[in-house]
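Chemist: generate coordinates for the sequence data below:
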Amino acid sequence: QLQLVESGGGLVQPGGSLRLACTASGGRDIFSRPPMGWYRQAPGKERRLVATITYDMATNYADSLEGRFTISRDNAKNTIYLQINSLKPEDTAVYYCNAKVWPNTYWGQGTQVTVSS
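Modeler: Just a heads-up that it's a prediction; the model follows:
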């Protein structure tokens, strides 16, 4: 069973930056080099895509987020990152890591990002 553990969330002032990390471990699916990604869920809203990245470093971003958000990956560490710059209060959400190995979809427990002065 693949496990995903996120870290790096916290309270940050508007205009600040954060770098989230998600490390995958365990299970045979890790050897499938799964595409991974970040999603976020704001209070009272649906969970929505932020960005995805393949093992070969191909990236995809939600249309409204490209520019302030950068996804990256370190395959040697089975870890993906999300750099968020110029944070806004509307970026406040729980950020979830995701990995897909057909037919399974794995989720981390989430890390809270709060943007407030």
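
Chemist: so which residue is dead centre in the chain?
Modeler: Taking CA atoms, centre = their mean, the centroid of the chain lies closest to Trp38, which sits 2.7 Å from it.

Chemist: where do the strands of this structure begin and end?
Modeler: 3-7, 10-12, 18-25, 36-41, 47-53, 59-61, 69-74, 79-84, 93-101, 104-107, 111-115 (DSSP state E).

Chemist: got TSV for these, with mean pLDDT too?
Modeler: Shown next, in TSV, are these (pLDDT from 0 to 100):
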stretch	mean pLDDT
strand 3-7	95
strand 10-12	97
strand 18-25	96
strand 36-41	98
strand 47-53	97
strand 59-61	95
strand 69-74	96
strand 79-84	97
strand 93-101	96
strand 104-107	94
strand 111-115	98
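
Chemist: show me what the residue nearest to the centre of the chain is bridged to.
Modeler: Note on Trp38: beta-bridge partners by DSSP bridges are Ala51, Cys97.
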